[in-house]
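**Q** 3D, please:
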Amino acid sequence: MSDIKKLAGQTAVYGVPTIVGRFLNYFLVPLYTYNIAASDYGMVSELYAYVAFLMIILTYGMETAFFRYSQEYDKNKVFNTAMLSLLCSTSLFLIVTFVCLKPITSALEYQGHPSYIVLFLLILAVDTLKAIPYALLRRENKPKRFALIKTTDIFSNILFNLFFIALCPYLYKNTDIAAVKAFFNPEDLVFYIFLSNLFACVIAMVMLIPEYRKFRWDFDFSLLKKMLVYGFPVMIGGLAGMVNETFDRIALKHLVRTPQEITEPSQIASWKMAQIGIYGACYKLSIVISLFIQAFKFAAEPFFFSKMKKADAKQSYSSVMTAFVMFLSLIFLTVMGYIDIFQYFMGSEYRVGLAVVPILLMANIFLGIYYNLSIWYKVTDKTKWGAVIAIIGAVITLAGNYLLVPQMSYTGAAITTLICYTAIAVICYFMGQHYYPVAYNVKRCLFYIFLAVGFYFVTLAVRNTGCKTVFNIITATILIIIYIGIAFKLDIKRLLKER
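**A** Numbers count the residues shown, from 1 in each chain. Got it, this is the predicted structure:
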């Protein structure tokens, strides 16, 4: 079987539950945006941005270190060492944050919603303690069990959201069921978004009990030191990378300029949170590419490490990159070609921000390219350079948001994201060619990106002529078929035959 077929199959097994489940999660966007004001949805976007940051800190590179050292040491010993380390650090985190709960809520300006912070901390703790069991399933090549648990996690979150955001308000308004009247508050739907997530996390944790039962008190301190040395730069890189991914939603609250006609403090706060909500909802439209990248990472990380000592490793990395960019560019063209349909996944209040969607989609393509290129510093144990590159990206993000958000609001945040991801991909490429040269087919990758962008501008021109939506969709469909035909003729047949 060719490497591309093998990796595609693994990506499908690992990723289909993630993609399908999160795509269904994507359908929660209309549930939220048609039922929750933009200012309230802004709180959801902001807090989940903090979750992303803290998850990286709380796992401190242990997942990647687990994959790296389970190749050299006894897998069970590496699992035990990583698991005990995370258990101790997560317990300490919960103790400190609950003791300091009041100042934390004040610092985040959530004094009126301390329950949000409590749920937020519990979600973080549970997710952290699931990280290594999930990694163990991937290391043991158990994609079906991994997929089952991931699917259950995602689908249970969706079902709880439907229960609390759709069914309970209906029952509260139209029935006299005492239990609903007693426990449900229709004025605080944001609380139930976080509660749904926590319930789903706990269910997944229960399903991972067989993995937790493999834990033994077989702790190796010398191994832990090696894992920390390897994982710390990964954490720094991931943290800096998360600045690139989520800082824009945090920055909007503090950097965006309020219109002069809005003067009341409460109105200002509400307007700013609405900007975060609009941007966060539009960001969801670009998440289709992020979902594929996440699925790809689940399969690619163990695949790349398993190939690193083989003679054809670099050729495989190059072929994977070409196929990867080809597919991501197709996703870009599909979303933007059918934007007339996708826009209805958001309430009308949110559609004012649709102009940022192509910018964010293209930014995520370059983020995916960066993830592919980053294999050079992982297989050469030079993870410190990953941290350096991510820090450069973080500086670009901070500077770009500081300069552009006050002038352009969330459009400036989107442009900054694109600049950042393009920059780190370019830097990573040239550094990789110095330390671990791989003959990537750069011209072909750029060809697919420009082809997709060019076809997008054709659909945009057709849409701007005022044609009916059905004609726009037909045009987009024809261009997508042409794109696939070109890709099949140039690369797909060849890539599927490579070994």
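
**Q** could you pull out the strands for this structure?
**A** Shown for the chain, no strands are assigned by DSSP state E.

**Q** residue nearest the centroid of it?
**A** When CA atoms, centre = their mean is applied to the chain, the residue found nearest the centroid is residue 290 (5.5 Å).

**Q** Contact partners for it?
**A** Contacts for residue 290 (CB atoms under 8 Å, 6 or more residues apart in numbering) come out as 364, 367. For glycine as for every other residue, the C-beta is placed from the backbone atoms N, C-alpha and C.

**Q** Let's see the pLDDT reported for it.
**A** Looking at residue 290, its pLDDT reads 75.

**Q** State the distance from it to residue 325.
**A** 15 Å (CB to CB, to the nearest Å).

**Q** how about the helices in the stretch 351-499 of the chain?
**A** 357-373, 375-379, 383-408, 410-435, 442-464, 469-487, 493-497 (DSSP state H, counting those that start in this stretch).

**Q** which one of those lies closest to residue 247?
**A** Of all the helices of the stretch 351-499 of the chain, it is helix 383-408 that lies closest to residue 247, at 5.5 Å by CB to CB.

**Q** low pLDDT regions in the stretch 201-350 of the chain?
**A** Within the stretch 201-350 of the chain, the segments meeting pLDDT under 70 span 241, 244, 295, 298-309, 311-312.

**Q** hmm, try it at 90
**A** 214-324, 327, 335, 337-350 (pLDDT under 90).

**Q** List the contacts of residue 120.
**A** Per CB under 8 Å, 6+ apart, neighbours of residue 120: 47, 50-51, 194.

**Q** For residue 212, state which of those residues is nearest.
**A** Using CB to CB, these come closest to residue 212 at residue 51, 22.4 Å.

**Q** nearest residue to the closest one other than its sequence neighbours?
**A** residue 124 (6.1 Å; CB to CB, 6 or more residues apart in numbering).

**Q** My read is that that neighbour contacts residue 54, right?
**A** Yes. Using CB atoms under 8 Å, residue 124 is in contact with residue 54, at 5.4 Å.

**Q** so what's residue 405 up against?
**A** 248, 251-252, 255-256, 412-413, 416.

**Q** what about the residue lying closest to residue 191 once chain neighbours are set aside, how many neighbours?
**A** The shortest distance from residue 191 to any residue other than its chain neighbours is 5.9 Å, reached at residue 115 (CB to CB, 6+ apart). Other residues lying near residue 115 total 15 when counted by other CB atoms under 10 Å.

**Q** got it, and the one 10 residues further on?
**A** Using other CB under 10 Å as the criterion, residue 125 is surrounded by 18 other residues.

**Q** Report the contact partners of it.
**A** Residue 125 touches 58, 90, 93-94, counting by CB under 8 Å, 6+ apart.

**Q** would you turn the residues you listed into a markdown table with neighbour count?
**A** Converted to a markdown table, the contacts of residue 125 look like this (neighbours: other CB atoms under 10 Å):
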| residue | neighbour count |
| --- | --- |
| 58 | 19 |
| 90 | 19 |
| 93 | 17 |
| 94 | 14 |
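
**Q** Pipe those into JSON lines and attach pLDDT and distance to residue 486 per row.
**A** Below are those laid out as JSON lines (pLDDT from 0 to 100; distance: CB to CB, whole Å):
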{"residue": "58", "pLDDT": "90", "distance to residue 486": "45"}
{"residue": "90", "pLDDT": "93", "distance to residue 486": "49"}
{"residue": "93", "pLDDT": "92", "distance to residue 486": "51"}
{"residue": "94", "pLDDT": "93", "distance to residue 486": "53"}
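
**Q** and which of those residues is nearest residue 235?
**A** Once CB to CB is applied, the member of these that ends up nearest residue 235 is residue 58, at 9.5 Å.

**Q** low-scoring pLDDT stretches of the stretch 1-150 of the chain, where are they?
**A** 1-57, 59-82, 104-117, 120, 131-132, 134-150.

**Q** As a check, name the ranges of all helices in it.
**A** Going by DSSP H, counting those that start in this stretch, the stretch 1-150 of the chain shows helices at 3-26, 28-33, 38-59, 62-69, 75-99, 101-107, 114-139, 143-161.

**Q** Out of those helices, which is the most enclosed?
**A** Between these, helix 62-69 has the highest mean count of neighbours, a mean of 23, where neighbours are mean count of other CB atoms under 10 Å.

**Q** Next, the angle from that helix to helix 75-99.
**A** 170 degrees (axes from the mean of the first three to the mean of the last three CA atoms, to 10 degrees).

**Q** contacts for helix 62-69?
**A** Against helix 62-69 from outside (CB under 8 Å, 6+ apart): 78-79, 82, 85-86, 131-132, 135-136, 138-139, 223, 226-228, 230-231, 234, 301-302, 305, 378, 381, 383.

**Q** and the angle for it with helix 383-408?
**A** Using the same axes, to 10 degrees: helix 62-69 against helix 383-408 is 150 degrees.

**Q** the inter-axis angle of helix 62-69 versus helix 38-59?
**A** 40 degrees.

**Q** for helix 62-69, the distance to its chain's centre please.
**A** 20 Å (CA atoms, centre = their mean, to the nearest Å).

**Q** next one: stretch 457-475
**A** That offset, for stretch 457-475, works out to 30 Å (CA atoms, centre = their mean).

**Q** contacts for that stretch?
**A** So stretch 457-475 is contacted by 336-338, 340-341, 476, 479 (CB under 8 Å, 6+ apart).

**Q** One more: stretch 411-422?
**A** Residues contacting stretch 411-422 (CB under 8 Å, 6+ apart): 244-245, 248-249, 251-252, 279, 355-356, 359-360, 362-364, 366-367, 370, 393, 396-397, 400-401, 403-406, 408.

**Q** now that stretch, how far from the centre of its chain.
**A** The answer for stretch 411-422 is 16 Å, by CA atoms, centre = their mean.

**Q** What is the most widely separated pair among the contacts of stretch 457-475?
**A** Maximum distance among the contacts of stretch 457-475 (CB to CB): 15.3 Å, for 341 and 479.

**Q** Kindly tell me how buried residue 209 is, as a neighbour count.
**A** Residue 209, neighbours per other CB under 10 Å, totals 9.

**Q** picking that back up, if you rank the contacts of stretch 457-475 by neighbours, which is first?
**A** residue 337 (27 neighbours).

**Q** Hmm, that residue is touching residue 480, no?
**A** Yes. Taking contacts as CB under 8 Å, residue 337 lies within contact range of residue 480: 6.1 Å.

**Q** which neighbours do these two share?
**A** residue 455.

**Q** could you give the angle of the biggest helix by length in the chain to helix 383-408?
**A** Longest helix in the chain, counting residues (DSSP state H): helix 221-255. Helix 221-255 runs at 10 degrees relative to helix 383-408, counting by the same axes, to 10 degrees.

**Q** Flag every buried residue along helix 221-255.
**A** Using 16 or more other CB atoms under 10 Å as the test for burial, helix 221-255 gives 223-224, 226-227, 230-253, 255.
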